[in-house]
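Chemist: Take this sequence and fold it.
(2 chains)
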Number of protein chains: 2
Amino acid sequence: MPDSPTDLRSAFRSGRVTPTAGLAPGFAQTNLIAVPQDWAYDVLLFTQRNPKPCPVLDVGDAGSRTTMLAPGADITTDLPLYRVWKDGELADETTDVSSLWRDDLVAFHIGCSFTFEHPVAAAGVPLRHVEQGSNVPMYVTDRECRPAGRVIGPMVVSMRPVPEHQVALAAAISARMPAVHGGPVHIGDPAELGIADLAAPDFGDPVTFQPGDVPMFWACGVTPQAAVMASKLPFAITHAPGYMLITDTPDSEYVLEVPDAR
Amino acid sequence: MPDSPTDLRSAFRSGRVTPTAGLAPGFAQTNLIAVPQDWAYDVLLFTQRNPKPCPVLDVGDAGSRTTMLAPGADITTDLPLYRVWKDGELADETTDVSSLWRDDLVAFHIGCSFTFEHPVAAAGVPLRHVEQGSNVPMYVTDRECRPAGRVIGPMVVSMRPVPEHQVALAAAISARMPAVHGGPVHIGDPAELGIADLAAPDFGDPVTFQPGDVPMFWACGVTPQAAVMASKLPFAITHAPGYMLITDTPDSEYVLEVPDAR
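Modeler: The predicted structure is shown next:
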């Protein structure tokens, strides 16, 4: 497996399919949601009103297949896996959406928690889904996002089991990166979020806990996909959960460097 | 002069007119720009692409005269002074826009640098415009914002003279509040921003320097008004520069509390 963003995107363009967790460490990964221009205002307002699950890193012009986050990329071919939505239902999962792209599609690029995994791991916190070679598990919660026009939907979260003595550390490191979801929205009992069974994620793969691990939940950029479903958008193209755009933007761009004002 | 947000808004509703710098210390003040729904996407995207001058704190639904930032307020009467724009030109300046409000107007509430003045002053940094009882001076710069659809325009800055030995402190404190423009965009020679004469601000009042003061420039929420002009919006209502909405939201909501992850 290559490890530069350019080479990985090239591999995906050639049809390679793999979740992107752990790939190209040090470079930000992003969630994609592209909607018809007629819906773009409601989606952009939804992200403004729900910045924790939907931190926007870039918005393209209508019809554009490029993003400033990855100048050489074609966003219709360079993700490993896409989902195509019609009337709020999953219509197709495919590795290339170039023939489906439309002049009226507006692409939103939303921060992804994979971006804080690198500094979290660098601090010595084990990432179970990466150890186990699987996609991170994601769950639809019972927390409703703040609606925006026609766009409504629940918050989706990603979950990582973290050794109890490292929970505070993982919370602190991720909290310094609000552009990629920031600190956890919940730590501990999944029932607090209306999640019945951690072994049955709504997206991604189940992950095995090690003794002493505590579940930590972060707001997730799959939230807009849940909104596509709940709002019955006539048409949308998204990444497949866990199969992100790997950008050329260093993770460090999204770390708060707060001046010491004492 | 009353000093609670509610009493101040009530005074403004009754027709009192005064710049709001230094009023209701501890409560955030916001810039207003209301545009027809047809323009709302371009304006919202402009704010997303230019977060330093245009940090959005709330966006209303079309026609709404309320904001979550000040639950009891009527935004068409509770600011001390408004500007009404037609085809990008100033058409009127008035203390009440309730009769001009339209069902298709979308109100954007944008963070204001007055919000960091309180913690800056609390740290011992003198605020010359407040000492002198005048409005903060604002200048149109030669820095173009990143365009969004039909919306273009230059960045506007506010300027405060700060004693040289406190420049670093004022920069550090304001940098902790990105939702209200954050740290300065420039310190020192105004020519770097294309400003020819500090004594002739484009908005607000000139301010007198004390010996040893250095000019500090912060991105300013009047930037959308400059965009209204440059983009020739058919209709818009804004606050008059320096005459802000005083909200019920504590300044402290917008201070980054960054966890120590060492």
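
Chemist: For the closest residue to A:S252 other than its chain neighbours, grab the count of nearby residues.
Modeler: Using CB to CB, 6 or more residues apart in numbering or on different chains and skipping residues adjacent in sequence, the residue nearest A:S252 is A:G26, 7.8 Å away. Heads up, the C-betas are built off the backbone N, CA and C, glycines and all. Other residues lying near A:G26 total 13 when counted by other CB atoms under 10 Å in any protein chain shown.

Chemist: Surely A:G26 and A:E117 touch.
Modeler: No: counting by CB atoms under 8 Å, A:G26 stays clear of A:E117, with 10.7 Å between them.

Chemist: So A:A240 is in contact with A:L81, correct?
Modeler: Yes: with contact defined as CB under 8 Å, A:A240 reaches A:L81; the gap is 3.9 Å.

Chemist: out of these two, which sits in the busier spot?
Modeler: More neighbours surround A:A240 than the other of A:A240 and A:L81, with 23 against 20 (other CB under 10 Å).

Chemist: dump the residue contacts of the more buried one.
Modeler: Listed by CB atoms under 8 Å, 6 or more residues apart in numbering or on different chains, the contact set of A:A240 reads A:P80, A:L81, A:Y82, A:R83, A:E93.

Chemist: Repeat the analysis, applying 6 Å as the threshold.
Modeler: Residues in contact with A:A240, defined by CB atoms under 6 Å, 6 or more residues apart in numbering or on different chains, are A:L81, A:R83, A:E93.

Chemist: cool, A:W218 as well?
Modeler: A:W218 is in contact with A:S113, A:S158, A:H181, A:P184, counting by CB under 6 Å, 6+ apart.

Chemist: For the stretch 51-200 of chain A, which residues are neighbours of chain B?
Modeler: A:V56, A:V59, A:A172, A:I173, A:A175, A:R176 (CB under 6 Å from any CB of the partner chain).

Chemist: ok, of those residues, which come out buried?
Modeler: Buried members of those, scored by 16 or more other CB atoms under 10 Å in any protein chain shown, are A:V56, A:V59, A:A172, A:I173, A:A175, A:R176.

Chemist: Skipping its backbone neighbours, what lies nearest the fifth one in space?
Modeler: This points to A:A175. Leaving aside its chain neighbours, A:A175 sits nearest to A:G183 (3.3 Å; criterion: CB to CB, 6+ apart).

Chemist: Need the buried ones from the contacts of A:W218 selected in ChimeraX.
Modeler: Applied in ChimeraX, the following selects the buried portion of these according to 16+ other CB under 10 Å:
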select /A:113,158,181,184
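
Chemist: What about A:E89, how many residues nearby?
Modeler: 10.

Chemist: need the strands for the stretch 1-150 of chain A, in chain order.
Modeler: In the stretch 1-150 of chain A, the strands defined using DSSP state E, counting those that start in this stretch lie at A:27-36, A:56-59, A:82-86, A:89-94, A:105-111, A:138-144.

Chemist: May I see those strands arranged in JSON lines, with mean pLDDT as well?
Modeler: Below are the strands of the stretch 1-150 of chain A laid out as JSON lines (pLDDT from 0 to 100):
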{"stretch": "strand A:27-36", "mean pLDDT": "96"}
{"stretch": "strand A:56-59", "mean pLDDT": "95"}
{"stretch": "strand A:82-86", "mean pLDDT": "97"}
{"stretch": "strand A:89-94", "mean pLDDT": "97"}
{"stretch": "strand A:105-111", "mean pLDDT": "97"}
{"stretch": "strand A:138-144", "mean pLDDT": "97"}
